[in-house]
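Chemist: Give me coordinates for this.
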Amino acid sequence: MTAPSHAPAADAAVRLLTTLVEHGVRDIVLSPGSRSQAFALAAAALARSGSLRVHVRIDERVAGFTALGIGRESGAPAAVICTSGTAAAGYLPAAMEAFHTGVPLILLTADRPPELRGVGANQATVQPGMFRPWARLSVDAPVPGDADPAVYAALAEEAVTVALGAAGEGLDGVAGPVHLNLPVREPLSGTLPDPLSASAGPLPRPTGAEPMRIAAGGRTLVVAGADAGPDAERLAREGGWPLIAEVVSGARFGPHLVPAYRERLRDAPLADRIQRVVVLGHPTLSREVAALLRRTDLEIIAVRRGGERLNPSGTAVDARAIEVEPGPADAEWLAAWTAPTAVGGGAADPDAGSSADVPLDRPALVRAVWAATGPADRLLFGSSRIVRVADQLLDGAEARVHANRGLAGIDGTTGTGIGIALAAQAGGAPGTVRVLLGDLSLLHDVGSLLLPADEPAPRVQVIVGNDGGGTIFDGLEVAVSAPSVDLDRAFYTPQSVALGPLAAAYGWTHVRVGTVAELEHALAAEVGGPQLIEVPLAR
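Modeler: Next up, the predicted model:
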């Protein structure tokens, strides 16, 4: 078959993708398909000219989380491209996470034209608006040939600015996913300009809402959840306030950090004195913080990061940013929260002997990974039992931390970590990206291990605490309410997958470690490509 010299689909694809590049998009993750071929070919041509980076993933769910990881690390929206039908639906988990965590993401889904919808045509379903509850913008584009190609340039520009938080729908200043549904008629592709290139432009910086100004001092507590970042630590210092920082917050450092915060919050005489709580990010790791945020006797100000406001009490004030008005700090209040405590501690036990023969358990695992992660590295925590152990035990450290805690699911953890690694490497970061997760999280996203041989290998270590099943349920009501046989089958879901052969099948280096010393050695080794470090743990 000879490619047509002119195809409206090709013209639309060129205008759309070159405009994305001109407005700061540097990465596209595409999955193969027929209806999307014009957009895939235009992306490949732009990649050959060096205008953008293209990452190919055969599974749209993996592709969505890879793009999510790129957006997490870079702050720039990655675009995903797929064909019609169930392929588009594969993006839903990543779109939901992006919405709840405020990560920019652009979904480009090819579709059948209107005359083939609702008539039983092959691979045609209801795609317009399919992400609407979670999309900052949802557009069913005109069919190429029915509109001036300039329409696709305008759509691309709007997609980038809205994904980054342009004003609208009450979410000004909040980034998130954008969905452009792209119906196409045959011919589905045609000859493209050769070479095809675009001038890379800067990201637009939408103007957010005015920050809320609050007075320093007083009996205020700063709570930093996932994605709070170093802004939370800075805010605590400026206000003279104690800082409760989850291990996934990126704010777990500094002189105002509260050690063993769960115990402090359970200290009723101290907790009852709180007058105001300022929340950044999404706290999810402790029942004590959840109870604090449900209190109605406090002034609660929540700085929004995602598309849904944080308001468990029903009385919280929604803010976009906080500025502290200068004033005297309450030194006694700060000291009451930040005094040393015997609980927790991120260092190894000095009485445990040589690490050469110390067996690994969850505390030793999280301490070793935390200690190995330096300022140039990134650490992604999976939503496994391990992250809760880490939150209870680890001391402060100025680490770059990621976690998909918008919905706290195990979806796409490895894919997200690979996206973070790709973005970090593209940005010249010299360090290693580490993904710390449980065995079920790994197996749930095992398709992310499939990486094309002709793309740069991500510098990533996936550290798997393998206890043979879902022991996170040990801490829930079901552990005492369910019959043991039902608990095992329906919740623990025990597995005995051989991770070494699995890693080898996907071309990953596999290391199995049994002691602290072996883990420390594996973590310190030079990372030239993807590695899977398996840490067997007792049930």
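Chemist: Would you confirm that E73 contacts R378?
Modeler: Yes - E73 is within contact range of R378, at 7.0 Å (criterion: CB atoms under 8 Å). For the C-beta atoms, the positions are set from N, CA and C on the backbone; glycine is no exception.
Chemist: Mutual contacts of these two, please.
Modeler: Common neighbours of E73 and R378 are listed as H402, I420, A424 (criterion: CB atoms under 8 Å, 6 or more residues apart in numbering).
Chemist: So which of those residues is surrounded by the most neighbours?
Modeler: I420 (29 neighbours; other CB atoms under 10 Å).
Chemist: Report the contact partners of that one.
Modeler: Here I420 is in contact with G69, I70, R72, E73, R378, L380, H402, V433 (CB under 8 Å, 6+ apart).
Chemist: If any of these are buried, give me the ChimeraX selection for them.
Modeler: Here is the ChimeraX command that selects the buried residues among the contacts of I420 (16 or more other CB atoms under 10 Å):
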select :69,70,72,73,378,380,402,433
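Chemist: Sort out for me which of the contacts of I420 are in strands.
Modeler: Among the contacts of I420, the members falling in strands (DSSP state E) are R378, L380, H402, V433.
Chemist: Kindly state the beta-bridge partners for the first one.
Modeler: I take that to be R378. Bridge pairing for R378 (DSSP bridges) gives the partners R400, V433.
Chemist: May I have the residues that are in contact with it?
Modeler: E73, R400, V401, H402, I420, A421, A424, A429, G431, T432, V433, R434.
Chemist: Between all of the ones in strands among the contacts of I420, which two are separated the most?
Modeler: With CB to CB as the measure, no two of the ones in strands among the contacts of I420 lie farther apart than H402 and V433, at 8.8 Å.
Chemist: shouldn't S441 be in contact with T413?
Modeler: Yes - with contact defined as CB under 8 Å, S441 and T413 form a contacting pair (5.0 Å).
Chemist: Relative to D357, how far out is V516?
Modeler: 9 Å (CB to CB, to the nearest Å).
Chemist: Looking at the two, which is more packed in?
Modeler: A direct count of neighbours by other CB under 10 Å for V516 and D357 places V516 higher, at 23 against 11.
Chemist: centroid residue for this structure?
Modeler: The residue lying closest to the centre of the chain (CA atoms, centre = their mean) is N404, at 4.3 Å.
Chemist: element containing the residue nearest to it when sequence neighbours are not counted, please.
Modeler: Ranked by CB to CB, 6 or more residues apart in numbering and with sequence neighbours excluded, the top spatial neighbour of N404 is E97, at 5.3 Å. Using DSSP states H and E, E97 maps to helix 92-101.
Chemist: Could you list the low-pLDDT ranges of the stretch 201-350 of the chain?
Modeler: 208, 342-350 (pLDDT under 70).
Chemist: What are the boundaries of the helices in it?
Modeler: Along the stretch 201-350 of the chain, counting by DSSP state H, counting those that start in this stretch, helices occupy 230-239, 261-265, 268-271, 287-293, 331-338.
Chemist: Format those as CSV; extra columns: mean neighbour count and distance to H55.
Modeler: Output for the helices of the stretch 201-350 of the chain, formatted as CSV (neighbours: other CB atoms under 10 Å; distance: least, CB to CB, whole Å):
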stretch, mean neighbour count, distance to H55
helix 230-239, 22, 29
helix 261-265, 21, 39
helix 268-271, 12, 47
helix 287-293, 17, 36
helix 331-338, 16, 44
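Chemist: F473 is nearest to which of those helices?
Modeler: Evaluated over the helices of the stretch 201-350 of the chain, closeness to F473 peaks at helix 287-293, with 15.7 Å, by CB to CB.
Chemist: Which strands or helices does the closest one pack on?
Modeler: Helix 287-293 sits against strand 220-224, helix 261-265, strand 276-280, with contacts defined as 3 or more CB pairs under 8 Å, 6 or more residues apart in numbering; DSSP states H and E.
Chemist: got the contact list for the second one?
Modeler: Outside of helix 261-265, the residues that reach it under the criterion CB under 8 Å, 6+ apart are 244-245, 258, 270-271, 286, 288-289, 291-292, 337, 341, 343, 392.
Chemist: Go again with 6 Å.
Modeler: Under the criterion CB atoms under 6 Å, 6 or more residues apart in numbering, residues I244, V258, A271, S286, E288, W337, V343 lie in contact with helix 261-265.
Chemist: Would you map the strands across the stretch 251-400 of the chain?
Modeler: 276-280, 299-303, 317-319, 322-325, 378-381, 400-403 (DSSP state E, counting those that start in this stretch).
Chemist: pLDDT weak spots in the chain?
Modeler: Applying pLDDT under 70 to the chain picks out residues 1-5, 167-171, 208, 342-356.
Chemist: what about T109, neighbour count?
Modeler: Other residues lying near T109 total 29 when counted by other CB under 10 Å.
Chemist: wait, D172
Modeler: Neighbour count of D172, defined by other CB under 10 Å: 14.
Chemist: so V139 touches L180, yeah?
Modeler: Yes - using CB atoms under 6 Å, V139 is in contact with L180, at 5.3 Å.
Chemist: If you count surrounding residues, which of those two has more?
Modeler: L180 (21 against 17).
Chemist: Adjacent strands (with direction) for whatever helix or strand the more buried one lives in?
Modeler: If you go by DSSP H and E, L180 is part of strand 177-183. Within its sheet, and counting by DSSP bridges, strand 177-183 is paired with strand 105-111 (parallel), strand 137-140 (parallel).
Chemist: distance between the first one and the chain's centre?
Modeler: Distance of strand 105-111 from its chain centroid, counting by CA atoms, centre = their mean, to the nearest Å, is 19 Å.
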